[in-house]
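1. need a 3D model of the sequence below.
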Amino acid sequence: MTRHKFNLSRAKVVGRNKRSKKAMSILREKLQNAEGDVSISPELNQSIWRKGGSSPPSKVTVEVEEENGRKVAYPAETPSQQTTTTQETSTTEESTEEDTAEDYSDVVGGTVGDAKDAISEMDNPDYEALLEAEKQGKDRKTLKEFIEGKMEG
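-> Residues are numbered from 1 along each chain as shown. Purely as a prediction, here's the structure:
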């Protein structure tokens, strides 16, 4: 397995809606120069086209693996993808805490006014979890102050 990092910013010289297509052409060309005949995996294709045709990533890290006698390029694994093993071993108690945090991230995900209304309408909200969800989300000062004020009384 070999790892390469390619600069795809040259794709921005073409028209706005053709940039991802150009980025794929550049990637194919650079992969061919580096490794020879290489296929692009659907995952790598999806990572280039994720934001649509007009906004491809300017740089991409690729891992080339040999499968069944042919070379295939995949997007390089990120640290968040490597933690799936630790998430599988979590207990049900931890997963309920994560579910609550996700619910609260939905509450604080909108505008400050909407979040304040939703928090005020809740029966017994976990203010600590709400504050943590806001810090991990948009981290807005006014909403954090509102939640801290609710915590105090």
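2. three-state assignment of residue 71?
-> Put simply, residue 71 is strand when judged by DSSP: H, G, I helix; E, B strand; the rest coil.
3. doesn't residue 61 make contact with residue 8?
-> No - at 11.2 Å, residue 8 does not count as touching residue 61 under the criterion of CB atoms under 8 Å. C-beta here means a position set from N, CA and C on the backbone, and glycine is covered the same way.
4. higher neighbour count, those two?
-> residue 8 (21 against 13; other CB atoms under 10 Å).
5. before we move on, what's the pLDDT of the more buried one?
-> Listed pLDDT for residue 8 reads 93.
6. who are the neighbours in contact with the residue lying closest to it once chain neighbours are set aside?
-> With CB to CB, 6 or more residues apart in numbering as the criterion, residue 8 has its nearest non-adjacent residue at 4.4 Å, and that residue is residue 23. Residue 23 makes contacts with 8, 11, 48, 56-57, as judged by CB atoms under 8 Å, 6 or more residues apart in numbering.
7. for residue 23, grab phi and psi.
-> phi -60, psi -40 (degrees, to the nearest 10).
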